[in-house]
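*Asks:* Predicted model, plus sequence, below.
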Amino acid sequence: MENPYLAHRKESKENPYTGKSYTENYFKILEKREQLPVFQYKKDLLEALRNNQVTLLVGETGSGKTTQVPQFFVEELKPHLKNKMIVCTQPRRVAAMSVAKRVAEEMDVEFGREVGYTIRFDDFTTNNKTFLKYSTDGMLLREAMFDPLLTKYSCIILDETHERTCATDILMGLIKEIIPRRPDLRVLVMSATLDTERFLKYFEGSPLIKVPGRTFPVEILYSEKPELDYVDAAIRTVLQIHMKEDPGDILLFLTGEEEIEDVCRKLSFRGNEMVDYPILKPIPLYSSLPPNEQQRIFCDPPKPREPGKPPGRKVIVSTNIAETSLTIDGIVYVIDPGFCKQKIYNPRNRVESLQVTPISQASAEQRAGRAGRTRPGKCYRLYTKESYDTHLTKQTPPEMLRTNLTTVVLQLYRIGVANICKFHFMEPPAPETMMRALEILNYMGALDDEGDLTELGKMMSDFPVDPQLAKVLISSSKYKCVSQMLSIVSMLSIQNPFLRPADKKKEADRARQAFADVCGDHFLLLNVYDTYVKNQFDAKRWCRENFLNPRAMASAVRIREQLEKIMKRFKFEISELSPLQKEFQNNIQKSLISGFFMQVACTNKSTGKYEIIKENEKVDLHLSTCLQSKPTWVVFNEYIQTTTASIRTVTEISNYKWLLEIAPAYYDLDTLPAGAARDYFIKEKYENKPKAKKQKRHK
DNA sequence: GAGCACTGC
């Protein structure tokens, strides 16, 4: 039977999108495209698209769905003739970038014109020309804040929806609301083969098309009995594979940087002892590694010990980054101890924390799949089959259920969702988490007592940072330190820029201490930023000497530029205080309090320990703090729970009366629970200022 | 004495 696409190829050698003749490269790629599994389903897909507003596509890795399906839709919908666009979302920037480039090549058009991408800091699209756009899910969500009906698009394709990022979850709910109001809109929801029923139920009545993937079989091997120490078991398994199995690289999943570096050291030590076996080369992989070191995972395996002997073996020891974000070809053996670090939110004390938790079955399948990308492989699960069946959950809970919802709620308000509590989430968050978010936004002045979005709240939603940080920026104008707060907020928005190589911990700590400030860590961040900017002409060398991550610093500069633009759009003056002015320390502290009044701790007079206000949770200052003394009152950026509880990035509050001035509703004595803070305030009210008000109660 | 999974705007 003749493929309609081939027929098209025969009769026309002219590219309908550019008017130019197709290049040879086009036909070469076309042959390969036609062999992708998804190609067989083109007819079905287009038929579903014609007859339904929403279609579901389930496809495994290697099916070609991300690159091909948007092209099918372009042919069918002809957005270029109607001045509309097709958008395809991705949870990660790199994916949006690389797929867009690939598809432009496949379509034989100039990248950035007909086909392009939009991510936070880069927009490679052309007005009135681009008709197929790849975009991060967060970016499309931001567009929805300014254009809630997403009128630019005739077709929206949501990809990787099984990952259930917050942005994708909100977009799905939003699309359900938009659809009746946009009868012309076509939507395709693409996911891996997980939880298909949930999607079918959510998009009731939509057709489902299943596309097989193209991967190799992976043999699953379980432990016979539970392992007491998964790190130890992992090392043993690596060595056994190395001794007994055929050549082929190993991928080992662990939970964090320290664990990974530790295991790499042990593996290379043990490998060196095994002189009768080929060389064993451990390679660490986690996101904060510099790009050139991440590239090491793609290097060739080590040479044989002697000419003619078998080659060595790479062992990539990785966090979850290798589960979704990075694909490594040539992996034959996967070792899965069954754990990862996950963010967990506790609405009771409003604390987000990272905890080592068992992975889900879906995650275990994903990990195993990494062994079968180029040839048949094996996956060693360091837990029993019984444990897999009974202890592991089917799916990892979506991000929406593990996070603080203030940002989500503010975004929904901004988009204009009529009733947030009735918004149709695929998995609605706990009412308590929702109430917490509403309460926090009300304290911050983003919502009024009627529960409506205020002007301040609307303004806050324009900033691509957490609501607290947005609030801090806006109030900094009142305290005449906008410039300084822009720098501090940018530094708080990036990943930890302080490097601490295992063999140079002391030097690194010393370098950091050089930026210390008596007021605390927020001021230290300001010093780091300012000094970086002064040395930007020689940034790389300067960062190396000061143990700072140059990528993180560069991104702080870009974030600051973006935030400054938004401040200027609101006509805020970019005011600046001189460090010599006496208001300098006070006003920066006051700005911080305006957003972080809920993240304040004070020392308990009898124990000397810090307690978080209202929750009365006992905490220590994090080891990294530059504070030498223990100020009575502090404001902090993060609460971390590991073996101990600590607060990180901490600055002194010189005068606790500012709390009452800046956040009177939160510090209302009528509702403030008993605790160290209340004791201070009571003392203030009844002892220090006996005549300030008519005494309601006698002492 | 002991620290930061991964994304995204």
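*Replies:* Arrived safely.
*Asks:* In terms of helices and strands, where is A:Glu143?
*Replies:* helix A:137-146 (DSSP states H and E).
*Asks:* Could you check how far A:Lys540 is from DNA strand B?
*Replies:* 21 Å (C-beta to the nearest atom of the strand, to the nearest Å). Glycine gets a C-beta too; all of them are placed from N, C-alpha and C.
*Asks:* right, I mislabeled it, should have said A:Phe203
*Replies:* 24 Å.
*Asks:* Buried residues of the helix holding A:Glu143, list them for me.
*Replies:* For helix A:137-146, burial by neighbour count (16 or more other C-beta atoms under 10 Å) applies to A:Asp137, A:Gly138, A:Met139, A:Leu140, A:Leu141, A:Arg142, A:Glu143, A:Ala144, A:Met145.
*Asks:* got it, and stretch A:368-377?
*Replies:* Under 16+ other C-beta under 10 Å, the buried positions of stretch A:368-377 are A:Ala368, A:Gly369, A:Arg370, A:Ala371, A:Gly372, A:Arg373, A:Gly377.
*Asks:* and DNA strand B, which of the buried residues of helix A:137-146 reach it?
*Replies:* When contact is defined as C-beta under 7 Å from any atom of the strand, these meet DNA strand B at A:Asp137, A:Gly138, A:Met139, A:Arg142.
*Asks:* list the contacts for the first one?
*Replies:* For A:Asp137, the contacting residues are A:Thr89, A:Gln90, A:Pro91, A:Leu158, A:Thr165, A:Ala167, A:Thr168, A:Leu171, taking C-beta atoms under 8 Å, 6 or more residues apart in numbering as the criterion.
*Asks:* Looking at A:Ser325 now. What's its pLDDT?
*Replies:* Among the per-residue scores, A:Ser325 shows a pLDDT of 79.
*Asks:* now the nearest residue in space to it that is not next to it in sequence: how far from A:Ile321?
*Replies:* Spatial nearest neighbour of A:Ser325, chain neighbours left out: A:Arg92 (6.0 Å); criterion: C-beta to C-beta, 6 or more residues apart in numbering. Noted for A:Arg92: a distance of 11 Å to A:Ile321, by C-beta to C-beta, to the nearest Å.
*Asks:* quick one, helices of the stretch 301-450 of chain A?
*Replies:* For the stretch 301-450 of chain A, applying DSSP state H, counting those that start in this stretch gives helices covering A:321-324, A:361-369, A:385-390, A:406-415, A:431-443.
*Asks:* What is the neighbour count of A:Lys504?
*Replies:* 13 (other C-beta atoms under 10 Å).
*Asks:* quick one on the thing from earlier: may I see the ones next to DNA strand B among the buried residues of helix A:137-146 organised as a markdown table, with pLDDT added?
*Replies:* Formatted as a markdown table, these follow (pLDDT from 0 to 100):
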| residue | pLDDT |
| --- | --- |
| A:Asp137 | 94 |
| A:Gly138 | 94 |
| A:Met139 | 95 |
| A:Arg142 | 94 |
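*Asks:* which of those lies closest to DNA strand B?
*Replies:* A:Gly138 (3.2 Å; C-beta to the nearest atom of the strand).
*Asks:* show me what contacts the closest one?
*Replies:* Residues near A:Gly138 by C-beta under 8 Å, 6+ apart: A:Arg120, A:Ala167.
*Asks:* Tabulate the helices of the stretch 301-450 of chain A (TSV), appending distance to DNA strand B.
*Replies:* Listed next are the helices of the stretch 301-450 of chain A as TSV, based on distance: least, C-beta to the nearest atom of the strand, whole Å:
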stretch	distance to DNA strand B
helix A:321-324	4
helix A:361-369	11
helix A:385-390	21
helix A:406-415	6
helix A:431-443	14
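*Asks:* out of these, deepest packed?
*Replies:* helix A:406-415 (a mean of 22; mean count of other C-beta atoms under 10 Å).
*Asks:* what separates that one from the chain centre, distance-wise?
*Replies:* Its chain's C-alpha centre and that of helix A:406-415 lie 18 Å apart, by C-alpha atoms, centre = their mean, to the nearest Å.
*Asks:* which one of the buried residues of stretch A:368-377 is nearest DNA strand B?
*Replies:* Nearest member of these to DNA strand B, counting by C-beta to the nearest atom of the strand, is A:Arg370, at 14.9 Å.
*Asks:* Okay, now the unreliable bits of chain A?
*Replies:* In the predicted model of chain A, residues A:1-12, A:687-699 satisfy pLDDT under 70.
*Asks:* if you set the cut-off to 50 instead, what comes out?
*Replies:* Across chain A, the ranges flagged by pLDDT under 50 are A:1-2, A:692-699.
*Asks:* circling back to that earlier point, check the buried residues of helix A:137-146 and tell me the two furthest apart.
*Replies:* A:Asp137 and A:Met145 (13.5 Å; C-beta to C-beta).
*Asks:* got the end-to-end distance for stretch A:80-96?
*Replies:* Using C-alpha to C-alpha, to the nearest Å, the end-to-end distance of stretch A:80-96 comes out at 21 Å.
*Asks:* Can you tell me what sits against it?
*Replies:* A:17, A:66, A:70, A:73-74, A:77, A:79, A:99, A:114, A:117-120, A:128, A:130-137, A:139-140, A:152-160, A:163, A:165, A:167-168, A:171, A:324-325.
*Asks:* Show me how to select, in PyMOL, the buried members of the residues you listed.
*Replies:* One line in PyMOL is enough to select the buried members of the contacts of stretch A:80-96, burial here meaning 16+ other C-beta under 10 Å:
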select buried, chain A and resi 17+66+70+73+74+77+79+99+114+117+118+119+130+131+132+133+134+135+136+137+139+140+153+154+155+156+157+158+159+160+163+165+167+168+171
